[in-house]
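> can you look at this prediction? I've put the sequence above it.
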Number of protein chains: 2
Amino acid sequence: MGNDLKNETSKDTSKDGGSTSAVETAYHRIRHMILTGEMRSGDKLLENQLATAIGVSRTPVREALNRLNAEGLVVLERYRRGIVADFSLNDAMEIFRLRAILEGHAASRAATRISDTDLLRLQEMERVMEAQFEELGWNEHLEGFDKLNSEFHAVIAAAAESPRLEKILASSLELPASIFNRYSEPVEVRTRRTHAQHREILAALKAHNPEWAQAAMNAHLFSLLPTASGSLEHEEKS
Amino acid sequence: MGNDLKNETSKDTSKDGGSTSAVETAYHRIRHMILTGEMRSGDKLLENQLATAIGVSRTPVREALNRLNAEGLVVLERYRRGIVADFSLNDAMEIFRLRAILEGHAASRAATRISDTDLLRLQEMERVMEAQFEELGWNEHLEGFDKLNSEFHAVIAAAAESPRLEKILASSLELPASIFNRYSEPVEVRTRRTHAQHREILAALKAHNPEWAQAAMNAHLFSLLPTASGSLEHEEKS
DNA sequence: CGATCAAAAAGTGTATACCAATTCAACGAA
DNA sequence: TTCGTTGAATTGGTATACACTTTTTGATCG
């Protein structure tokens, strides 16, 4: 299309390409800050401050905050400034309980639907996760692990071919990594077990056995669920 | 600037009272139109037109549309006008499958947590539903039934004491009544069965028996799930 | 010194105007 | 018919203004 510009106002000439919308930018930036722990529970989220920091106006920031509020990562109350949500031990337990139910169901459906190429992708992801762990050790592998792990679960959720299920898992049951690490067992305890469980889930999917896949996924997630015994120490830090 | 217009343009917007925000007003109005079938799948949702119709500005209408989009009732694509979402048979089946899983879990939890006053509320609701049916007959009772039925399920979801579960059920798994009626068995077939199932759920909750409550709720929802006979309609998305 | 309360400051909710990017619809040509 | 083309319509986003509410500040009082 030979589109000749009639009025190149030479204003901002934004280099960001414009392909991603301003809300998307704001949403991902803020979400990332929360999930990685760059922002902590209770931190203030001021619309103007975020807008200038991200480089957009208040409007898309407000939309992003609303989405994050709906997802439970941000608490918004009328006329009050937003704050990063606080996750108690009970919240973490609830999230893992629901994830166990829903991802178990997803694994069950995925077992009879997943493609061979997706199976290979999962296998490769797990291989890389384990290789990084061997190479980097107990703690250094975490940042890469989190990303691959999310992707591993996301591939299974997508293979379930249930768009609402996929959306719920992706948007309503996230927990900031910092919170997860606070309530979970130490890395040393859970890493090897997680890899074994991933391998078992993969085996069940390869066998196209829905019950096995569901059970393996359930076991995996329930094993991550923080124990109720820790209810004594949930008001540790302020 | 004639900033003289207070608020409450011609219509008093019913009994809401003035304390609700403009987004809430817009959200509930549009949502109601979709769920009751006043707007049908594919209908256009123009921001300006909705804004003037509801009596607010574009800004809150946009927020409302975004929320409805996230809930799956509205389809928004960039620069395109919003349309009321279309629900295929597969969509209806998916929704009831997920509701069965999640409301079954909710019923299980509710069985050991529900208060006596909530049990009485449920009993009363069911009594009214059945009385209205006896009085009004097969079709005339529907509009009142839908409301009470939603409330019945909502009370159980709330009694589960799992806020995220409650929110997911309330916001991500709704189906417009018109769609439900299109895909479901005719009223005559399902009404008596529904009342019997409600009574059974109530009995299980009264007995504080989680497994029974879960099974009864599952049976209830699966019995409403449209039959898979017409399995492959293509639902094209591009 | 600390509690209380009212005014000032800060922040959100909404309206409005405006423009760019894109879609939508009507028209005309091959 | 079926294509492009083109102008109108619509959304995405910025900016500004202001009402309403919360939050902070600061003065006053016990």
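Looks like it came in fine.

> can you name the residue of chain A nearest DNA strand D?
In chain A, no residue comes nearer to DNA strand D than residue A:21, which is 2.8 Å away by Cβ to the nearest atom of the strand. Backbone N, C-alpha and C define where each C-beta goes, glycine included.

> distance of residue A:226 from residue A:98?
When distances are taken as Cβ to Cβ, to the nearest Å, residue A:226 and residue A:98 turn out to be 14 Å apart.

> more neighbours, these two?
Counting neighbours by other Cβ atoms under 10 Å in any protein chain shown for residue A:226 and for residue A:98 shows that residue A:98 has the greater number, 21 against 18.

> next up, phi/psi of that one, please.
When quoted as degrees, to the nearest 10, the phi and psi of residue A:98 stand at phi -70, psi -40.

> who's in contact with it?
Residues near residue A:98 by Cβ atoms under 8 Å, 6 or more residues apart in numbering or on different chains: A:173, B:162, B:164-165, B:168.

> the residue of chain A closest to DNA strand D: neighbour count?
With neighbours defined by other Cβ under 10 Å, the count for residue A:21 comes to 14.

> show the contacting residues for the residue positioned nearest the centre of chain A.
For chain A, residue A:174 is the residue whose C-alpha lies nearest the centre (Cα atoms, centre = their mean; 4.9 Å). The contact partners of residue A:174, by Cβ under 8 Å, 6+ apart, come to A:35, A:71-73, A:95.

> with residue A:133 instead?
Applying Cβ under 8 Å, 6+ apart to residue A:133 gives the contacts A:141, A:145, A:191, A:195.

> isn't there a helix covering it?
Yes. With DSSP: H, G, I helix; E, B strand; the rest coil as the criterion, residue A:133 is located in a helix.

> could you check how far it is from residue A:127?
11 Å.

> sorry, back to before: among the contacts of residue A:133, name the buried ones.
Burial by neighbour count, 16 or more other Cβ atoms under 10 Å in any protein chain shown: within the contacts of residue A:133 this picks out A:141, A:145, A:191.

> give me the domain ranges for chain A.
In the assignment given by automatic domain parsing, the structural domains of chain A cover A:22-84, A:89-227.

> ok so, going back, pretty sure the residue of chain A closest to DNA strand D contacts residue A:60?
Yes. Taking Cβ atoms under 8 Å as the definition, residue A:21 is a contact partner of residue A:60 at 7.3 Å.

> what's the following helix or strand after the lowest-mean-pLDDT helix or strand in chain A?
Each helix and strand of chain A was given a mean pLDDT (mean pLDDT, DSSP states H and E); the minimum falls on helix A:177-183 at a mean of 89. Past helix A:177-183, heading to the C-terminal end, the next element that is a helix or strand (DSSP states H and E) is helix A:187-206.

> ok, which residues in chain A are in contact with DNA strand D?
Contact residues of chain A with respect to DNA strand D, defined by Cβ under 7 Å from any atom of the strand, are listed as A:21-24, A:56-60, A:63, A:78-81.

> and which of those is nearest to residue A:214?
In terms of Cβ to Cβ, no member of the residues of chain A next to DNA strand D lies closer to residue A:214 than residue A:24, at 33.9 Å.

> got the confidence number for the closest one?
Confidence at residue A:24, expressed as pLDDT, is 96.

> looking at this, it is in a strand?
No. Remark: residue A:24 does not belong to a strand; assigned using three-state DSSP, it is helix.

> could you check how far it is from chain B?
Distance of residue A:24 to chain B, computed by Cβ to the nearest Cβ, to the nearest Å: 10 Å.

> before we move on, what about residue A:220?
Using Cβ to the nearest Cβ, which is the criterion applied here, residue A:220 is 18 Å from chain B.

> dump the residue contacts of that residue.
With contact set as Cβ under 8 Å, 6+ apart, residue A:220 has these partners: A:194, A:197-198, A:200-201.

> at 10 Å instead, please
Shown in contact with residue A:220 (Cβ atoms under 10 Å, 6 or more residues apart in numbering or on different chains): A:99-100, A:103-104, A:107, A:153, A:193-194, A:196-198, A:200-201.

> for residue A:62, same thing?
When the contact criterion is Cβ under 10 Å, 6+ apart, the partners of residue A:62 are A:23, A:26, A:47, A:50-51, A:76, A:82, B:59, B:62-63.

> 8 Å instead, please
Under the criterion of Cβ under 8 Å, 6+ apart, the contact list for residue A:62 reads A:47, B:63.

> could you give me the buried positions within the one helix or strand it maps to?
Assigned by DSSP H and E, residue A:62 falls within helix A:58-71. Buried residues in helix A:58-71, counting neighbours by 16+ other Cβ under 10 Å, are found at A:59-71.

> can you tell me which of those residues is nearest residue A:39?
Looking across the buried residues of helix A:58-71 and measuring by Cβ to Cβ, the closest to residue A:39 is residue A:68, at 11.0 Å.

> how about the closest one, nearest residue that isn't a chain neighbour?
In space, not counting the residues next to it along the chain, residue A:68 is nearest to residue A:74; the distance is 4.1 Å by Cβ to Cβ, 6 or more residues apart in numbering or on different chains.

> partner residues bridging the one you found?
Beta-bridge pairing for residue A:74 (DSSP bridges): residue A:84.

> how many other residues sit next to it?
Taking other Cβ under 10 Å as the criterion, the count of residues near residue A:74 is 21.
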